[in-house]
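Enquirer: model this:
(chains A, B, C and D)
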Number of protein chains: 2
Amino acid sequence: MSEQGYRGPQVCKIVGITYRQLDYWARTDLLKPSISDARGSGTQRIYSYTDLLKLKVIKQLLDSGLSLKKARVALDVLSQYGEDPGSANLVMAGNQPVLVRSQDEIVDLVQRGQGVLSLVLPLSGVVKELNAAILEFAPPVDVEGEGEGSADAAPDDNATTDILKAGTGG
Amino acid sequence: MSEQGYRGPQVCKIVGITYRQLDYWARTDLLKPSISDARGSGTQRIYSYTDLLKLKVIKQLLDSGLSLKKARVALDVLSQYGEDPGSANLVMAGNQPVLVRSQDEIVDLVQRGQGVLSLVLPLSGVVKELNAAILEFAPPVDVEGEGEGSADAAPDDNATTDILKAGTGG
DNA sequence: CTGTGTGACTACACGCGCGTAGTTACGCGC
DNA sequence: GCGCGTAACTACGCGCGTGTAGTCACACAG
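Expert: As a prediction, the model looks like this:
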């Protein structure tokens, strides 16, 4: 099973953040690359598709005005429940993050009174934007071999590996 | 019609913020006291009940992890719709603040897809906490005379003006 | 194996949002 | 009107999160 990964600068284009942010987040343990971390100058950080998703979520949180501190808390939930976030909503109720499947649960949280929801983020939208950005900016990079059976690694498009070098030059 | 006001340090206790924050927010035009602004050393900032409400909202936003920049945007809506916020929810949908009356509208905003709600804050809870804090920490201060017909100025309790000096002593 | 590009590393600096300390001058009781 | 408390003012500094510039060293092509 070959894992596919993305290098730092590519990640920045896909997610829409600066390299400085990606670097800072990796150094401060907000999100380290799960495939391959940096081991000195010249090495490369290799991020997985799941990493991209988390990074995109972080960017959404920042764009929504949330602090990085809260983003760290929110990420914990994504790491725990980590499977198929496509149909869930990331909700922060009273500084505690939860994954909510149905919209009705959100109403429950609001009606329960005291709860201040500091975030209601539909992950399906994040996934859509992410896949579109991947196809637009850069394809993944094989790091251990060649195989195309992994549905977890990339959006459904297998012709993308051809423009690999085009991505590096740009 | 006598307006009732609260001085800086009292406001800090009621709202639950530091004086430095109140000072900074007044200087940077986040929220200036609507009754009487500062005019040099020794003068006093006199805040109205509505000011307290807005300050409490700001504190909730900060506690929820929102940045001051977003708080400024959110406050604009409170100033515009400024009447009877007790039964409304302050919602920020895609960096644009709106006042939502029914819970169903929130579901609409979520279902409409792309919308990231960076905040869902039930103002009724804020009002409750504020009134409780006022009665606990400090009563209002008359600045222009005496009258008790104004339901907009304070929670329903008229014996509070007696402990005025107790509040000043700290 | 060598050269080159590129991505990680380092140092420095900035703005925001406050904490802390000391100063100034008004409000209020007397 | 006078003194005293108190609240606003001023100056300085910090930590976070990031921008910018330059250096270093691995990865990959040749």
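Enquirer: On the three-state scheme, the one residue in chain A that gets nearest to DNA strand D is what?
Expert: Closest residue of chain A to DNA strand D, C-beta to the nearest atom of the strand: A:Gly42 (2.5 Å). Any C-beta I mention is one placed from the backbone N, CA and C, and that applies to glycine too. Here A:Gly42 is recorded as coil under DSSP: H, G, I helix; E, B strand; the rest coil.
Enquirer: How about residues contacting the host helix or strand of A:Leu78?
Expert: Assigned by DSSP states H and E, A:Leu78 belongs to helix A:68-80. By C-beta atoms under 8 Å, 6 or more residues apart in numbering or on different chains, the residues outside helix A:68-80 that reach it are A:30-31, A:53-54, A:57-58, A:61-62, A:66, A:85, A:90, A:92, A:95-99, A:118-119, B:64-65.
Enquirer: do the next helix or strand after that helix and chain B meet?
Expert: Using DSSP H and E, the helix or strand that follows helix A:68-80 in sequence is strand A:89-93. Yes: shown here: strand A:89-93 in contact with chain B (C-beta under 8 Å from any C-beta of the partner chain) through A:Asn89, A:Met92.
Enquirer: What is strand A:89-93 packed up against?
Expert: helix A:68-80, strand A:96-100, helix A:103-111, strand A:117-122 (3 or more C-beta pairs under 8 Å, 6 or more residues apart in numbering or on different chains; DSSP states H and E).
Enquirer: For the longest one, which residues meet the burial criterion?
Expert: Neighbour counts over helix A:68-80 (16 or more other C-beta atoms under 10 Å in any protein chain shown) mark A:Lys70, A:Ala71, A:Arg72, A:Val73, A:Ala74, A:Leu75, A:Val77, A:Leu78 as buried.
Enquirer: ok, now the second one?
Expert: If you call a residue buried by 16+ other C-beta under 10 Å, then strand A:96-100 has these buried ones: A:Pro97, A:Val98, A:Leu99, A:Val100.
Enquirer: what's the closest of the buried residues of helix A:68-80 to A:Arg7?
Expert: Checking the buried residues of helix A:68-80 against A:Arg7 with C-beta to C-beta, the nearest one is A:Leu75 at 21.2 Å.
Enquirer: Roughly how far does that closest one sit from chain B?
Expert: In this structure, A:Leu75 and chain B are 13 Å apart, going by C-beta to the nearest C-beta, to the nearest Å.
Enquirer: A:Asp37 now?
Expert: Taking C-beta to the nearest C-beta as the measure, A:Asp37 falls 27 Å from chain B.
Enquirer: Quick check: closest non-adjacent residue to that residue.
Expert: In this structure, A:Asp37 finds its nearest non-sequential neighbour in A:Arg45, 6.2 Å apart by C-beta to C-beta, 6 or more residues apart in numbering or on different chains.
Enquirer: One more: A:Phe137?
Expert: Among residues not flanking A:Phe137 along the chain, A:Lys13 sits closest, at 4.4 Å (C-beta to C-beta, 6+ apart).
Enquirer: just checking, that neighbour touches A:Ile134?
Expert: No: contact criterion C-beta atoms under 8 Å: A:Lys13 and A:Ile134 do not qualify, at 9.8 Å.
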